[in-house]
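Participant: what follows is a predicted protein model with its sequence.
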Amino acid sequence: MRLASLLLALSLSAQVKVVMSEAKLVIAGPKEEHRWGRWQFPTLETAPGGKMLLFVHVEQDSASSYGKARKVFVSTDQGKTWTESADAASGPYGLRLKNGDWLRTDTVAATPANSIQLPTQRAERISYKTPYQLYSLKELPASLRNIFFQRYSKQAWQAEKHLLEDPHALRYATGGLIPQIWWGDMKLLKDGSIVALTYPYYHDSQPTPYTASASYQSRDQGHTWTKVGHILYEEADRQRDGFTEPALELLKDGSLFAVLRTTDGHGVGPMFRTRSKDSGRTWSTPQSFTPTGVLPRLLQLKNGVLVLSSGRPGVDLRFSIDGGNTWSALKTLIPVPDPTKPQTDSCGYTSLLPMSHDRFVIAYSWFTPPSGQKSIYVREVRVSKTN
């Protein structure tokens, strides 16, 4: 079986040609900064006029940091050079809608739990030694049942919120705070509607509060949203906390392809893949297909190559020419001296932006570069089919 898998990987690798540029340093953190959460978690965004934005998290990795500003860097030469500019985020970026608006999800400050009258606690889970108290969404006050957005329209950003209606959903509190986060990818369908695959999500049908992902659809340019489906963690072994950090991509055949993380406080776990042929209403049974990986990112290039980035340990790229059924061997972007210490060399969080039909840019963190300073890098990659 191992030989067959190796031969398959080699044959797939022969079907794509990958050329990577030298890594370009965007920013190096302070020399004394080695704590987790700071100077990592890079996110790339496209802006009008050929601009690229790069956001970098510099706060504690905690619910107490929700709503705080990230550092912003801008490039006007396709990622060759970068300049820090807080003003760059004042213009439009995110998902461009059919009506010309730009839409992005918003992470607002968490609500202190002692500021409201909470309903009866339904369950508790512990992840990375941190307890999470879960409450029925329908029993929470309306002020704690929202999802939040920023919309760029009429030359300005406007804050929006939408009340979630889901009788089976749970929402959590942790560290005395109640976050209202709705993280994930949004994709614009051919009919103009928007589909989103998000986390964190908890469904009250689960025997214990395993994390899951939920899919939503909007038919009015993102002003209102309806939950249409979910991907529950129903693995027989129940070795992990559940599914988190879903990546979503719209494939050329109109189907949706998703990859989910399972690495958690219990240790390194595989990534799973699943598909939807009905705009997120139903999903195929998730199947594990990698041994590791956090925050998977997907990018469908116009030349037909599907790109998958992930990390921890290190930072990796994979490529598929058949819509995610089979994948090439790994392309590793940074060295990993000790794979048994997956958080030593990078946070493993990456971000992808297309540049042309066969080129893209990837952003990632490197904790142990020659300088010894936690740093954010970008790299241009060209990938093409060889047959």
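Facilitator: Thanks, I have the structure now.
Participant: quick check: Leu260 is in a strand.
Facilitator: Yes. Leu260: assigned to a strand according to DSSP: H, G, I helix; E, B strand; the rest coil.
Participant: dump the residue contacts of it.
Facilitator: For Leu260, the contact set (CB atoms under 8 Å, 6 or more residues apart in numbering) comprises 213, 231, 243-247, 271-274, 286, 296. The way it works is simple: take the backbone N, C-alpha and C, and place the C-beta from them, glycine included.
Participant: ok, now Gln78?
Facilitator: Residues near Gln78 by CB under 8 Å, 6+ apart: Gly50, Met52, Met355, Val361, Glu380.
Participant: identify the farthest-apart pair in the contacts of Leu260.
Facilitator: Maximum pairwise distance in the contacts of Leu260, criterion CB to CB, is 14.6 Å, between Thr244 and Arg273.
Participant: what's opposite Met52 in the beta bridge?
Facilitator: Thr46, Ser75 (DSSP bridges).
Participant: and the contacts of Leu260, which is closest to Leu118?
Facilitator: Nearest to Leu118 among the contacts of Leu260, with distances taken as CB to CB, is Thr244, at 24.1 Å.
Participant: thought Thr211 was touching the closest one, still the case?
Facilitator: Yes. Contact criterion CB atoms under 8 Å: Thr244 and Thr211 qualify, at 5.2 Å.
Participant: which residues do the two both contact?
Facilitator: Common contacts of Thr244 and Thr211 (CB under 8 Å, 6+ apart): Tyr199, Pro200.
Participant: so which of these two has more stuff around it?
Facilitator: Thr211 (26 against 22; other CB atoms under 10 Å).
Participant: against Ile147, how distant is that one?
Facilitator: 17 Å (CB to CB, to the nearest Å).
Participant: over to Leu95?
Facilitator: Leu95 sits 15 Å away from Ile147, going by CB to CB.
Participant: Ser153 now?
Facilitator: In terms of CB to CB, Ser153 sits 18 Å off from Ile147.
Participant: contacts only, for Val19.
Facilitator: Per CB under 8 Å, 6+ apart, neighbours of Val19: Val381, Arg382, Val383.
Participant: show me what the last one is bridged to.
Facilitator: With DSSP bridges applied, Val383 shows beta-bridge pairing to Val18.
Participant: neighbours around it, how many?
Facilitator: Neighbour tally, Val383, other CB under 10 Å: 22.
Participant: can you check Leu140 too?
Facilitator: With other CB under 10 Å as criterion, Leu140 counts 21.
Participant: repeat for the one 3 residues further on
Facilitator: When neighbours are defined as other CB under 10 Å, Ser143 has 13 of them.
Participant: wait, what's in contact with it?
Facilitator: Contacts for Ser143 (CB under 8 Å, 6+ apart) come out as Thr111, Ile116.
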